[in-house]
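> Here is the input, now give the coordinates:
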Amino acid sequence: MAGGEAMTAKRIDARARFLPVGDTAFTVEFGDRIDPAINALVHRTAALLAEALPEGLVETVPSFRSLLVHYDPLRTSAQALQAFIGPLELEDDPRQAPSRIWRIPVLYGGEAGPDLAEVAAATGLGKAEVIALHAGTLYRVYVQGFLPGFAYLGDLPEALDLPRRTSPRVRVPPGSVAIAQRMSGIYPVESPGGWHLIGHTPLRFFDPAQSPPTLFAPGDGVRFVPVDADAHAAIAEAVGQGRYSVAKEEGPA
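Numbering: from 1, shown residues only. Sure, this is the predicted structure:
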């Protein structure tokens, strides 16, 4: 392993606790905070169960710090599934680096990012500083939810940590790049929203005709790349014609 860092394996039941959720589900809770190491354990557990497919498992739903396990009570029980999951071993990976990093072009400010000036004023930064901070961060896809293809991207620099807008918008355009608290996100479709809009990308993040239907997957990395209006328009045209490939880079081995 790079850097000589060792990984330590521990049973899931030594790392997590099982909590009941009605009569057809339970959660495997790994912690009480948003943390990339905890989130990695959640997704590795989901991957193990997807591979093993124990009897009666219906689906798993990952969150920031826990995994919801749905089961068929006519085929198994919470006790049986927990007895299967508990002895499975997970390793601590000190690198916590994504293996796939997407590069997302963004036009910041103006009509594309109507809240950029307000964010700058609220944080005491210049607009260029806000852009540099936002685009200079490697984000982790923690979970997807709220809307199909909406990824919660952490961790936003502390200097940009702002509460949600006091007056949410009724309509947020698809492709809007937004921030709230320690998260960034991209609205995949038009919807209401209360996050601060600082930019726009012409890329598409949800297409039910594709497999998988979403661009991002949990555990991916995301970088935002500032572009000017001409580049934004050219990318939008290429996306509309189906001839744009989203750039990505490979993370550390």
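> Test my guess that residue 34 contacts residue 152.
No. Residue 34 lies out of contact with residue 152 (C-beta atoms under 8 Å); the separation is 9.0 Å. For the C-beta atoms, the positions are set from N, CA and C on the backbone; glycine is no exception.
> of the two, who's got more company?
More crowded of residue 34 and residue 152, by other C-beta atoms under 10 Å: residue 152, with 22 against 18.
> any idea which element the more buried one lies in?
strand 151-154 (DSSP states H and E).
> returning to what we had before: quick check: neighbours shared by residue 34 and residue 152?
64, 142 (C-beta atoms under 8 Å, 6 or more residues apart in numbering).
> So what touches the strand holding residue 152?
Under C-beta under 8 Å, 6+ apart, the answer for strand 151-154 is 34, 36, 64, 139-145, 182-186, 205, 214, 216, 222.
> Ok, stretch 42-56 next?
With C-beta under 8 Å, 6+ apart as the criterion, stretch 42-56 contacts 12, 16, 28, 30, 57, 60, 62-67, 69, 71-77, 80-81, 84-85, 88, 90-91, 218-219.
> Backbone dihedrals for residue 236, please?
When read as degrees, to the nearest 10, the backbone of residue 236 gives phi -60, psi -40.
> I'd say it and residue 200 touch.
No. Using C-beta under 8 Å, residue 236 makes no contact with residue 200, being 9.4 Å away.
> Among the two, which residue is more densely surrounded?
Set residue 236 next to residue 200 and count neighbours by other C-beta under 10 Å: residue 200 wins out with 26 against 18.
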